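>>> Dropping the sequence and predicted coords here.
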Amino acid sequence: MSRQQRELDKHPPAADPAGPRPGARAPAPGKVTRVERSARVAPGGQAGSAIGSAAPRQGSARAADWNLDEPLLTALGLGELGESETSAADPEREGAALGAAAADREARRRDPVVQYLEIHSNSVAHAVAAMLRAHQEEWPAPSAELQWSDAARFTQRVVRTLCPVVRDDSFSLFQLVHPLSPEDAYRRHVAGVKAARTTWIPGFGEAVAAQVKAAMFSSIARLGGRFAAAAQGGDGAPVSPSQVVTSHPLDSYVRGALAEEGVLDYSGVWRPLPAAQPAARGRGAAAPPRRGQASQRDEARGITSGPSSDGAAGQAGGGRARAVLTVQWLGRQDATLWNYVRVSPPGASAEDVAAALYGSPEQSRMAFALQRHGDLFQVAPKQARELIAARYPGEVTGHGTARDGAALARSPLGDELALREARAALAGSAHSRR
């Protein structure tokens, strides 16, 4: 009998409260199912429920603080998507795309880091909660004008919404702490220890929690200026989440906590905007803004009519109008560029491109998976495979994992892009010498 089976015999998984799924096949005799593999052992020694369940764990001292009756927020970009918008797709290519995405998921399930996270997910979530609470007085000021009014309330909201996701979705941790990775903590604290996978190592939990804390610092710094821009010239009402664009999966949780009433002190931001000056007459007078251009007052509030360079002004429907973007996958032109997209009109921010790719303004948080190469964007291979399978099944899918731009550098399209950028640089240099 394998060590894994002996451990499962000692700690049998709890039954799924929802019962078997309709049409589900019974596992073969002796086969360990995914639900059994992901059974958890809570700190109190009781077996926890399977991954994805929102039921509180026995032996979880602070589980009630997480408000588990609330629906869990997903950190994964594809979690809120409906059906694909592609109407006519090649069945063979669609099957290949779905197969590649399924192979990615299965490979991740076999990863020892993911398995360790699933077995000890409750302990990891508690470590994250403890770390955030211990450092709640150390959060950086959101911006120069925006200060904390109640940092403890902010931390409580983050713990309540984030920790259930950490506990119930081990895959999400890899995105929540990007560009850091739980794999680094696993190599330092677990990989070299001669112990069963069911042995909890507190140092691993502290290391992962420290990664979450570091990602929180970055998220606060990223979103603070956007909250300040949205509040400029406001009437005193707190900024709503829909007014602020996100660029990272963790931003969704930080944004919701920052928008909580009483968390931020807006007194340094709420100041009246300068009154609009009457239009001057005669030659040299500034022409009124054309339709589609931002007015001077809008620019003072950080609101633009097209895609912004950094996404700081907010989201569609919340103060900033988005340009309609057209996204073209390049795999049909060059199979080595299967995870590259061309966006028109050019000049869009990564947040706008992510929202267009995923079909929702809320998915601007997936901008972390995009890398700009001139006029093109490279989508991280894992996210590209998931996107193509879910929304663009007729597109070419590859199996690479590199995201360093080497494929673009070797392709004729890369040469064309480099020449175009060189011409633009020379033209700009000649203009500056005049």
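That came in fine, so what should we check first? Numbering: from 1, shown residues only.

>>> Below-threshold pLDDT in this structure: ranges please.
Judged against pLDDT under 70, the low-scoring parts of the chain cover residues 1-109, 233-236, 270-323, 401-405, 412, 414-434.

>>> counting residues per helix, which one in it is longest?
helix 202-231 (DSSP state H).

>>> where do the helices sit along the stretch 201-350 of the chain?
Secondary structure of the stretch 201-350 of the chain (DSSP state H, counting those that start in this stretch): helices at 202-231, 251-258, 296-300, 350-358.

>>> buried ones in the following helix or strand past the last one?
So the one you mean is helix 350-358. Note on helix 350-358: by DSSP states H and E, the next helix or strand toward the C-terminus is strand 370-373. For strand 370-373, a neighbour-count test (16 or more other Cβ atoms under 10 Å) marks 370-371 as buried. Backbone N, C-alpha and C define where each C-beta goes, glycine included.

>>> do stretch 183-202 as well
Going by neighbour count (16+ other Cβ under 10 Å), the buried part of stretch 183-202 is 185-186, 189-190, 198, 200-201.

>>> What of stretch 126-146?
126-129, 131-132, 135-136, 139, 142-143, 145-146.

>>> Could you tell me how many residues sit around the nearest residue to residue 365 once chain neighbours are set aside?
Using Cβ to Cβ, 6 or more residues apart in numbering and skipping residues adjacent in sequence, the residue nearest residue 365 is residue 246, 3.9 Å away. Residues within reach of residue 246, counting by other Cβ atoms under 10 Å, total 29.

>>> quick one: residue 246 and residue 201, what's the gap?
In this view, residue 246 and residue 201 are 33 Å apart by Cβ to Cβ, to the nearest Å.

>>> Is it correct that residue 171 is in contact with residue 114?
Yes. Look at residue 171 against residue 114 with Cβ atoms under 8 Å: they come within range, at 6.9 Å.

>>> Backbone dihedrals for residue 267, please?
The phi and psi values for residue 267, taken as degrees, to the nearest 10, are phi -60, psi -30.

>>> Assign a three-state SS to the closest residue to residue 170 other than its chain neighbours, would you?
Counting by Cβ to Cβ, 6+ apart, the nearest residue to residue 170 once its immediate chain neighbours are dropped is residue 117, at 3.9 Å. Under the three-state scheme (DSSP: H, G, I helix; E, B strand; the rest coil), the conformation of residue 117 reads as helix.

>>> Residue 117: what's it in contact with?
With contacts defined as Cβ atoms under 8 Å, 6 or more residues apart in numbering, the neighbours of residue 117 are 124, 170, 173, 182.

>>> which of those lies closest to residue 358?
Residue 358 lies nearest to residue 173 out of the contacts of residue 117, by Cβ to Cβ, at 20.3 Å.

>>> A strand includes that closest one, no?
No. If the criterion is three-state DSSP, then residue 173 is helix and not within a strand.

>>> what's near enough to touch the residue lying closest to it once chain neighbours are set aside?
Distances taken as Cβ to Cβ, 6+ apart place residue 182 nearest to residue 173, at 5.3 Å, with adjacent residues excluded. In this structure, residue 182 makes contact with 113, 117, 173-174, 208, 211, judged by Cβ under 8 Å, 6+ apart.

>>> buried sites along stretch 202-222?
Of the residues in stretch 202-222, those scored as buried under the neighbour-count criterion (16+ other Cβ under 10 Å) are 204-213, 215-216, 218-220, 222.

>>> Likewise for stretch 339-346?
Within stretch 339-346, the residues that count as buried by 16+ other Cβ under 10 Å are 339-343.

>>> Residue 324: neighbour count?
The criterion is other Cβ under 10 Å. On that basis, residue 324 has 8 neighbouring residues.

>>> now it: how far from residue 154?
Residue 324 sits 35 Å away from residue 154, taking Cβ to Cβ as the criterion.

>>> try residue 223
Look at residue 223 and residue 154: by Cβ to Cβ, they are 12 Å apart.

>>> any common contacting residues for those two?
Overlap between the neighbourhoods of residue 223 and residue 154 consists of residue 258, taking contacts as Cβ under 8 Å, 6+ apart.

>>> Check the buried residues of stretch 126-146 and tell me the two furthest apart.
For the buried residues of stretch 126-146, with distances taken as Cβ to Cβ, the pair at the greatest spread is 126 and 145 (35.8 Å).

>>> Mind jotting down where the strands sit in the stretch 101-250 of the chain?
Taking DSSP state E, counting those that start in this stretch as the criterion, the stretch 101-250 of the chain contains strands spanning 147-148.

>>> Quick one: end-to-end distance for stretch 141-159.
The stretch stretch 141-159 measures 19 Å between its terminal residues, going by Cα to Cα, to the nearest Å.

>>> before we move on, what about stretch 339-359?
Start-to-end span of stretch 339-359 (Cα to Cα) is 17 Å.

>>> Likewise for stretch 334-348?
For stretch 334-348, by Cα to Cα, the gap between its terminal residues amounts to 23 Å.

>>> What lies in contact with that stretch?
For stretch 334-348, the external contacting residues (Cβ under 8 Å, 6+ apart) are 306-307, 309, 323, 325-331, 353, 356-357, 373, 375-381, 384-385, 395-398, 400, 403, 407-408, 410-413.

>>> other SSEs contacting the longest helix of the chain?
Contacting helix 202-231 under the criterion 3 or more Cβ pairs under 8 Å, 6 or more residues apart in numbering; DSSP states H and E are the following elements: helix 121-134, helix 151-168, helix 172-176, helix 182-189, helix 251-258.

>>> Columns distance to residue 227 on top of those, output as JSON lines?
Supplementary listing: the helices and strands packed on helix 202-231 in JSON lines, determined by distance: least, Cβ to Cβ, whole Å:
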{"stretch": "helix 121-134", "distance to residue 227": "20"}
{"stretch": "helix 151-168", "distance to residue 227": "12"}
{"stretch": "helix 172-176", "distance to residue 227": "20"}
{"stretch": "helix 182-189", "distance to residue 227": "29"}
{"stretch": "helix 251-258", "distance to residue 227": "6"}
